[in-house]
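*Asks:* mind looking at a prediction? Sequence and model below.
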Amino acid sequence: MKIAIVTDSTADIPVEIVKRNNIHVVPNRVIIDGKDYADGIDITRQEFYERLPLMESPPTTATASSGTYQNLFAKLFDQGIQHIISIHVSKHFSGIFNAASTGAQSFSDRMHIIDSQSVTLGLGFQVIAAAEAAMRGASLETVLELINNIRHRVRVIAMLDTLEYLHKSGRVSWARARIGSLLHVKPFIDIIGGHAKRIGDVRTRRRGIERLMRLLNDLGELEQLAVLHTNAEADAYHLLHEYEGRLGNEPMVIYVTTAIGAHVGPNGLGFVAVQK
Amino acid sequence: MNPCTEEIIQAFETLPTDKIIILPNNKNIFMAAKSAAELTVKQVTVIPSQTIPQGLCAMMCLLPDGDFESVVTEMTAAMDEVETGEITIATRSVELNGVEVLEGRIISLLNGKLVASSDTVEEACLELLRSAHADHFEIITLYYGENITSKEAYRIEDVIRSVYPEQEIEIHEGCQPHYHFIISIE
């Protein structure tokens, strides 16, 4: 059975893995000072984060249109694909899932649109597992079950360097208040059920990195690990270096998608882990 | 001025939870807080914070949905990470810790210990920060009290910023009596 795997650029899958597993990635859009860029294509992540503090107005993000998804799905079916599994970032963070769902409407039961209930490689690890299974010739049911299995074992935890960008984006209700009262708060976020839950704050970066390390080491043995950052590469490698647990696969260090970075700001640090 | 046991009990007894953490933020309130904890059927722990900066530092670790014991442990540990400075007026002449103080002079206290005596509040703040090796820390937070004007407080903040350009500086109106500044160094 020929199964194609589709996702969006917020999955943060490294390009070599995308190519190796024939994953189809639809880029999100990021708008900087009135100019539109395709995420990961027209602007590199490093360039985006270096420019972020200097931007005249906060960058915004936009999804690819449902038409873009529809055209991609049509092209894949024309190429002989029998089923398409399209896995996307949590619908609570973005309209991407809805855009893909709308684009899939004319293809009925050959389409399987899945809300990963996660972000960045929390979505990405589900996609990679699905793509690898599809390449091996797994059945549709097996691939769908695998995605579900990974989704229940994935943890995404991050420390933001500031509340400022989340506050400006208005995307998260708990960031709207307090901003004027206590500036130097570094919130911790856990992605649970597709929502960003605040799990405490720290005041200093040093304490924040210590807490991240503790949270990571408390997860036990891991199947997959990616350390994420928004222009804090040195801290990311430091976190990885200090990780004491056992890993099933080679860990990754990733610049987080601009779709997230625009809302969380620079110097963010976190991890995505798939527990065993 | 300090709350009594009964006032502390009244503060938490009607809250819709049976898990309470008390931060006294003052060693003189600790005993009343402990008594309050013993006189209730609720699960009450007193974290022995002795200063407002310690209390705030502990508060940063509060996870309302977390495991009670783990949260208490984290909050207690967090207090060790902050230095507290206090700037006030000497009420008597004394020599203490090698510092000679005349009544009416501005004194600097670091974690409750006298470290400097100065002519001005600005100088007292700078002496305090120097004693605390503030250049090794990340954030300096100034809470100004009711016996200093906001204009003067912000002016001193600017001076501190120029001396400590690598540190994050915050200033808030604390409204506390007696202390021109309470300073948190994290």
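*Replies:* Looks like it came in fine.
*Asks:* doesn't residue A:245 make contact with residue A:217?
*Replies:* Yes - using Cβ atoms under 8 Å, residue A:217 is in contact with residue A:245, at 6.1 Å. Every residue, glycine included, has its C-beta placed from N, CA and C.
*Asks:* helices of the chain, start to end?
*Replies:* Using chain A. Here chain A has its helices, by DSSP state H, at A:15-20, A:45-51, A:66-78, A:96-103, A:120-135, A:140-153, A:164-169, A:205-217, A:233-242, A:258-264.
*Asks:* please go with chain B instead
*Replies:* Under DSSP H, chain B gives helices at B:5-13, B:30-38, B:52-59, B:68-78, B:121-131, B:150-163.
*Asks:* out of the helices of chain A, flag the one nearest residue B:140.
*Replies:* For residue B:140, the closest of the helices of chain A is helix A:205-217, at 14.7 Å, according to Cβ to Cβ.
*Asks:* tabulate the CA atom coordinates of that closest one in CSV.
*Replies:* Once non-C-alpha atoms are left out, helix A:205-217 reads as follows in CSV (Å, rounded to 0.1, in the frame of the first residue of the first chain):
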residue,chain,number,x,y,z
ARG,A,205,18.7,31.8,33.4
ARG,A,206,21.1,29.7,35.5
ARG,A,207,18.3,28.4,37.6
GLY,A,208,16.2,27.9,34.5
ILE,A,209,18.8,25.7,32.9
GLU,A,210,19.2,23.7,36.1
ARG,A,211,15.5,23.1,36.2
LEU,A,212,15.4,22.1,32.6
MET,A,213,18.2,19.6,33.2
ARG,A,214,16.3,18.2,36.2
LEU,A,215,13.1,17.8,34.2
LEU,A,216,14.9,16.1,31.4
ASN,A,217,16.8,13.7,33.7
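*Asks:* remind me what it packs against, helices and strands.
*Replies:* In terms of contacts (3 or more Cβ pairs under 8 Å, 6 or more residues apart in numbering or on different chains; DSSP states H and E), helix A:205-217 is packed against strand A:154-159, strand A:186-192, strand A:195-202, helix A:233-242, strand A:269-275.
*Asks:* returning to that earlier point: can I get the helices of chain A in JSON lines including mean pLDDT, mean neighbour count and distance to residue B:16?
*Replies:* Shown next, in JSON lines, are those (pLDDT from 0 to 100; neighbours: other Cβ atoms under 10 Å in any protein chain shown; distance: least, Cβ to Cβ, whole Å):
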{"stretch": "helix A:15-20", "mean pLDDT": "95", "mean neighbour count": "13", "distance to residue B:16": "49"}
{"stretch": "helix A:45-51", "mean pLDDT": "87", "mean neighbour count": "16", "distance to residue B:16": "43"}
{"stretch": "helix A:66-78", "mean pLDDT": "96", "mean neighbour count": "17", "distance to residue B:16": "46"}
{"stretch": "helix A:96-103", "mean pLDDT": "96", "mean neighbour count": "22", "distance to residue B:16": "37"}
{"stretch": "helix A:120-135", "mean pLDDT": "97", "mean neighbour count": "26", "distance to residue B:16": "34"}
{"stretch": "helix A:140-153", "mean pLDDT": "97", "mean neighbour count": "16", "distance to residue B:16": "32"}
{"stretch": "helix A:164-169", "mean pLDDT": "77", "mean neighbour count": "19", "distance to residue B:16": "29"}
{"stretch": "helix A:205-217", "mean pLDDT": "91", "mean neighbour count": "17", "distance to residue B:16": "29"}
{"stretch": "helix A:233-242", "mean pLDDT": "93", "mean neighbour count": "15", "distance to residue B:16": "38"}
{"stretch": "helix A:258-264", "mean pLDDT": "86", "mean neighbour count": "26", "distance to residue B:16": "33"}
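*Asks:* the ones you listed: which one's closest to residue A:191?
*Replies:* helix A:120-135 (5.9 Å).
*Asks:* in stretch A:4-23, what counts as buried?
*Replies:* Neighbour counts using 16 or more other Cβ atoms under 10 Å in any protein chain shown place A:4-13, A:18, A:21, A:23 of stretch A:4-23 among the buried residues.
*Asks:* just to revisit the earlier point, just the helices and strands packed on helix A:205-217: most buried one?
*Replies:* Across the helices and strands packed on helix A:205-217, averaging neighbours per residue (mean count of other Cβ atoms under 10 Å in any protein chain shown) puts strand A:269-275 on top, at a mean of 25.
*Asks:* output that strand in CSV, but only the C-alpha positions, please.
*Replies:* Extracted in CSV, the C-alpha atoms of strand A:269-275 (Å, rounded to 0.1, in the frame of the first residue of the first chain):
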residue,chain,number,x,y,z
LEU,A,269,15.5,26.7,25.4
GLY,A,270,13.7,23.4,25.7
PHE,A,271,13.5,19.8,24.7
VAL,A,272,11.3,17.2,23.0
ALA,A,273,11.6,13.7,24.3
VAL,A,274,9.9,10.4,23.4
GLN,A,275,9.9,8.3,26.6
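*Asks:* care to break the chain down by domain?
*Replies:* Just so you know, I chose chain A. Following automatic domain parsing, one gets these domains for chain A: A:3-152, A:154-275.
*Asks:* wait, chain B
*Replies:* Using automatic domain parsing, chain B is parsed into the domains B:5-80, B:82-185.
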